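Visitor: here are the coordinates; sequence isn't available:
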C-alpha cells in the first residue's frame, strides 16, 4: 500500500510542478510574444480551466497520500524527520496559495473577460503569474527536500 501511495503522491507532485514550470517558463513568454492581450487572456483562461481540473484532484491526492504514509510509517507526525515537516508545511502553503489563486484572481479574471474588461483581466493575470511563480518555487523546493532532505 505504501508503494502505491508514494507513486500517486509523486505523480501528482510531478504533474502540478511540471505544469507550473511549463506554463511559466515556456508558454508564458511565447504567448506574450505572439498574441495580442485579448487573445492571450482567452488562451490563459482556457489553459487554466483545463489545468485546474487536474490541480483540484492533485490537492486531494497529495495530502491524502502524504498523511497515509506519515500515519502508516511513523504513527503520526511525532516521529517524522525534519524533511517531512518541511514538505508538509510548504505543501499546505502551496494548497492555500492555489485556493486563493482560484477563488480570487482567476475568478475575477474570467469575470472581467466576460465583461470584455481587458485591462482588469490583465491585472488579474499578473496576480496569477506571481502566485504561480511562488508556488512553482515552493514545489521545486519540496522536490529538493523530498529527494535530499533525509541526508541533511
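Guide: Arrived safely. Just so it is clear, the structure is predicted and the values come from calculations on it, not from any experiment.

Visitor: what sits closest to residue 131 if chain neighbours are left out?
Guide: Excluding the flanking residues, the one nearest residue 131 by C-beta to C-beta, 6 or more residues apart in numbering is residue 101, at 4.5 Å. No exception for glycine: its C-beta is placed from N, CA and C like everyone else's.

Visitor: now the one helix or strand that neighbour maps to: mean pLDDT?
Guide: Applying DSSP states H and E as the criterion places residue 101 in helix 82-101. In this model, helix 82-101 carries a mean pLDDT of 98.

Visitor: following element in sequence after it, please.
Guide: Tracing the chain C-terminally past helix 82-101 and defining elements by DSSP H and E, one meets helix 107-114 next.

Visitor: can you pull the buried residues of that next one?
Guide: Residues 108, 109, 110, 112, 113 are the ones in helix 107-114 that count as buried (16 or more other C-beta atoms under 10 Å).

Visitor: tilt between the helix or strand just after that helix and helix 82-101?
Guide: Remark: after helix 107-114, the chain's next helix or strand is helix 118-148, criterion DSSP H and E. Here helix 118-148 runs at an angle of 170 degrees relative to helix 82-101 (axes from the mean of the first three to the mean of the last three C-alpha atoms, to 10 degrees).

Visitor: in helix 118-148, what counts as buried?
Guide: Under 16+ other C-beta under 10 Å, the buried positions of helix 118-148 are 121-122, 124-125, 127-128, 131-132, 135-136, 138-139, 142, 145-146.

Visitor: if we can go back for a sec, quick one: the residue nearest to residue 131 from residue 152, how far?
Guide: Using C-beta to C-beta, to the nearest Å, one obtains 31 Å as the distance from residue 101 to residue 152.

Visitor: before we move on, what about residue 35?
Guide: 44 Å.

Visitor: ok, now residue 75?
Guide: For residue 75, the distance to residue 152 - C-beta to C-beta - is 23 Å.

Visitor: show me what contacts the nearest residue to residue 150 once chain neighbours are set aside?
Guide: Excluding its sequence neighbours, the residue lying closest to residue 150 (C-beta to C-beta, 6+ apart) is residue 83, at 5.5 Å. Counting by C-beta atoms under 8 Å, 6 or more residues apart in numbering, residue 83 touches 145, 146, 149, 150, 152.
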